[in-house]
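Enquirer: sequence plus the predicted model coming up.
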Amino acid sequence: RYLISIFSCEDLGEDKLYLVEDPQIECWDSEHTIYTLGVALPALCVWTLGIPLFGVYMLYKNREKLDQADVKEKLGFLYNG
């Protein structure tokens, strides 16, 4: 939730955008931009792309052994439904 809230800004009537979670922080000033593009965006990409891709990689790597008990125990939640 916090990763997404860093992108949530609103206009408080001063022609500047401020974070919804903390209206004292101005959006897209130098500090906010560094944090947003340097930390939040990469973390969001890892969370939304990296973790699912890792699951696909593990299934592909073990594709010949998916019916074995030890593999089912570790990865079964990804393909049993």
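Expert: Received it, and whenever you're ready, just let me know what you need. Predicted, not measured: the structure shown is a model, and the values here were computed from it.

Enquirer: quick check: which element contains the closest residue in space to Lys65 that isn't next to it in sequence?
Expert: For Lys65, ignoring the flanking residues on the chain, the nearest one in space by CB to CB, 6 or more residues apart in numbering is Val71 at 4.7 Å. Every residue, glycine included, has its C-beta placed from N, CA and C. In the assignment (DSSP states H and E), Val71 maps to helix 69-79.

Enquirer: other SSEs contacting that helix?
Expert: Judged by 3 or more CB pairs under 8 Å, 6 or more residues apart in numbering; DSSP states H and E, helix 69-79 is in contact with helix 51-61.

Enquirer: which neighbouring elements make contact with the helix it packs on?
Expert: For helix 51-61, the packing partners by 3+ CB pairs under 8 Å, 6+ apart come out as helix 69-79.

Enquirer: what comes up buried for the helix it packs on?
Expert: By 16 or more other CB atoms under 10 Å, the buried positions in helix 69-79 come out as Val71, Leu75.

Enquirer: alpha carbons of that helix, as PDB, please.
Expert: The C-alpha trace of helix 69-79 is given here as PDB (Å, rounded to 0.1, in the frame of the first residue of the first chain):
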ATOM      1  CA  ALA A  69       6.300 -35.300  -4.300                       C
ATOM      2  CA  ASP A  70       9.100 -33.000  -3.300                       C
ATOM      3  CA  VAL A  71       8.500 -30.600  -6.200                       C
ATOM      4  CA  LYS A  72       4.700 -30.700  -5.600                       C
ATOM      5  CA  GLU A  73       5.400 -29.800  -2.000                       C
ATOM      6  CA  LYS A  74       7.500 -26.700  -2.900                       C
ATOM      7  CA  LEU A  75       5.800 -25.500  -6.100                       C
ATOM      8  CA  GLY A  76       2.400 -27.200  -6.100                       C
ATOM      9  CA  PHE A  77       0.500 -24.100  -5.100                       C
ATOM     10  CA  LEU A  78       1.600 -22.500  -8.400                       C
ATOM     11  CA  TYR A  79       0.000 -25.200 -10.600                       C
END
